[in-house]
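Peer 1: Quick one, structure for this:
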Amino acid sequence: MALDEEIYKSLHDDLEICRDYIYQIAMGMIKGSVSKYPIFVAARGENEIDIGLPIVNRVDFDISWNFNASHLEEFVSKGVVDKEKAADFIAAYKNPTEFMCVFVAEESAWSFVFMPYHRNKASLN
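Peer 2: Purely as a prediction, here's the structure:
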């Protein structure tokens, strides 16, 4: 499902603020052999999602979104990604040293998006 423009802009703006921190966590997950497929769960406002560990509290950063750190293995174990579709997910997953994988947990838009860690690249894809 594609994100509507308001969600897209809000998420993009908030990720600009905490992009470097999320990158450090992703690299730690990969280098620490937690997962080759980090996923960051984005939930707006008071919405809480029971997946991953909280890493960015919107109040601390004065932003709209909270972010949790998770990974493909947890998404499969919780049934968010079907076990039989995990290979398809891996094939679509972008290079985790260049792009963050964000799962948008919004009532109107449950979706995976990829955003480059480095500025001056394409926006959300």
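
Peer 1: CA atoms for contacts and neighbours, from now on please.
Peer 2: Fine.

Peer 1: Which residue, other than its chain neighbours, is closest to Lys94?
Peer 2: Spatial nearest neighbour of Lys94, excluding adjacent residues (Cα to Cα, 6 or more residues apart in numbering): Phe114 at 7.3 Å.

Peer 1: So what's the residue count around that neighbour?
Peer 2: A count of nearby residues for Phe114, using other Cα atoms under 10 Å, gives 20.

Peer 1: Isn't it up against Val102?
Peer 2: Yes: look at Phe114 against Val102 with Cα atoms under 8 Å: they come within range, at 6.1 Å.

Peer 1: residues shared between the contacts of these two?
Peer 2: By Cα atoms under 8 Å, 6 or more residues apart in numbering, Phe114 and Val102 have no common neighbours.

Peer 1: Could you give the separation of the biggest helix by length in the chain from the chain centroid?
Peer 2: Ranked by number of residues, the top helix in the chain under DSSP state H is helix 5-31. Relative to the centre of its chain, helix 5-31 is centred 7 Å away, using Cα atoms, centre = their mean, to the nearest Å.

Peer 1: Export only the CA atoms of whichever helix or strand comes after that helix, formatted as CSV.
Peer 2: Sequence order places strand 38-44 as the next helix or strand after helix 5-31, per DSSP states H and E. The C-alpha trace of strand 38-44 is given here as CSV (Å, rounded to 0.1, in the frame of the first residue of the first chain):
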residue,chain,number,x,y,z
PRO,A,38,16.9,-4.5,10.4
ILE,A,39,13.4,-3.1,10.3
PHE,A,40,12.4,0.1,12.0
VAL,A,41,8.7,0.3,13.1
ALA,A,42,7.2,3.8,12.8
ALA,A,43,4.1,4.6,14.8
ARG,A,44,2.6,8.1,15.1
